[in-house]
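> here you go, sequence then predicted model.
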Amino acid sequence: MLGTKFCSTTAYHPQSNGLAERLHRRLKAALKSYENPTDWYSNLGLVLLGIRASHNVDLDASPAEMVSGKKLRLPGEFFEEVESSETKSDYAKRLTSFMSGLRFSPRREQPARRSYIDKNLQTSSHVFVKVSGHKPPLHPSYTGPFKVLERHNKYFVLAMFGKENSVSIDRIKVARLPNVVSNDDNSEDTDTVVETVPSFVVDTDIDTDLTTDPLLTGETSSALPEIPIEQTDEKRT
């Protein structure tokens, strides 16, 4: 009857929860406006009451009216209670009529913003995952690499710490590994990364005159160069 729909999203991806994030921003702004923001728990009830009773221009109703079908009684509104003879069926009909009378607010067209997505994500076998949330100083921003199990338009399924986790593509980047050896005989998650050590090539065309330099060979000579001693003038009498 209310037309609600449950949708699951990936972790650490606030873009998927736009309504919830805007509510959190509004809630934090209201709590900061109080004289003692540190005592936010004592002010939380009054702030939530104000948000639920505030009038929404687009819906022409308050959140409380959307849920219960009637306005909230705010502190300071002292009215005598009137006994109502309304039954539950009458209340359900009135709520249904109220919900059907609400006008639909079309979504505002957002300007198209192109997001960069690495094309190598569609072919890479391993990826790095961005560390979200609080992390200590000098901590690496990415962790991994992790093996890619499934690819979808908005998220990848990765093998992380012995589990399958769904991670948004906004938090991953390609792991350009030098060499990957897959051990499919043992298990799916036993891929090992083999790092190749570059072999240094010695150039044989070295100037032989450099090898005779005592500074390079480390040889010392017992004959020290003579240092001229400057003659000083006699003291004037």
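That came through, no problem. Numbers count the residues shown, from 1 in each chain.

> count of neighbours near Thr87?
9 (other C-beta atoms under 10 Å). (Glycine included, C-beta is placed from N, CA and C.)

> no wait, Glu164
Glu164: 12 neighbours (other C-beta under 10 Å).

> SS state for the closest residue to it other than its chain neighbours?
Distances taken as C-beta to C-beta, 6 or more residues apart in numbering place Val157 nearest to Glu164, at 5.6 Å, with adjacent residues excluded. What DSSP: H, G, I helix; E, B strand; the rest coil gives for Val157 is strand.

> surely Val157 and Leu149 touch.
Yes: in this structure Val157 lies within contact range of Leu149 using C-beta atoms under 8 Å: 4.6 Å.

> give me the common contacts of the two.
Counting by C-beta atoms under 8 Å, 6 or more residues apart in numbering, the shared contacts of Val157 and Leu149 are Glu164.

> which residue ranges of the protein form strands?
Applying DSSP state E to the chain gives strands spanning 126-130, 142-151, 155-160, 163-168, 172-174, 180-181, 192-193.

> contacts only, for Ala175.
124, 126-128, 144-145.

> report the two of the residues you listed separated the most.
Across those, the longest distance by C-beta to C-beta is 11.3 Å; it joins Ser124 and Gly144.

> so for those two, which sits in the more crowded spot?
Taking other C-beta under 10 Å, Ser124 and Gly144 do not tie; Ser124 has more neighbours (21 against 17).

> for that one, phi and psi?
The phi/psi pair for Ser124 (degrees, to the nearest 10) reads phi -70, psi 140.

> local confidence estimate at the nearest residue to it once chain neighbours are set aside?
In this structure, Ser124 finds its nearest non-sequential neighbour in Val174, 4.6 Å apart by C-beta to C-beta, 6+ apart. pLDDT, Val174: 88.

> just checking, Val174 touches Val127?
Yes: in this structure, Val174 is within contact of Val127 by C-beta under 8 Å, at 6.1 Å.

> give me the common contacts of these two.
Joint contacts of Val174 and Val127 (C-beta under 8 Å, 6+ apart) are Leu121.

> okay, those two: which has more neighbours?
Val127 (23 against 17).

> surely that one meets Leu158?
Yes: applying C-beta under 8 Å, one finds Val127 in contact with Leu158, separated by 6.8 Å.

> who touches both of these two?
146, 148, 172.

> quick check, nearest of the residues you listed to Met99?
Ile172 (41.4 Å).

> for the spatially closest residue to that closest one that is not a sequence neighbour, name its beta-bridge partners.
Nearest-residue entry for Ile172: Val127, 4.4 Å, with adjacent residues in sequence omitted and distances by C-beta to C-beta, 6+ apart. When bridges are called by DSSP bridges, Val127 pairs up with Phe146, Val174.
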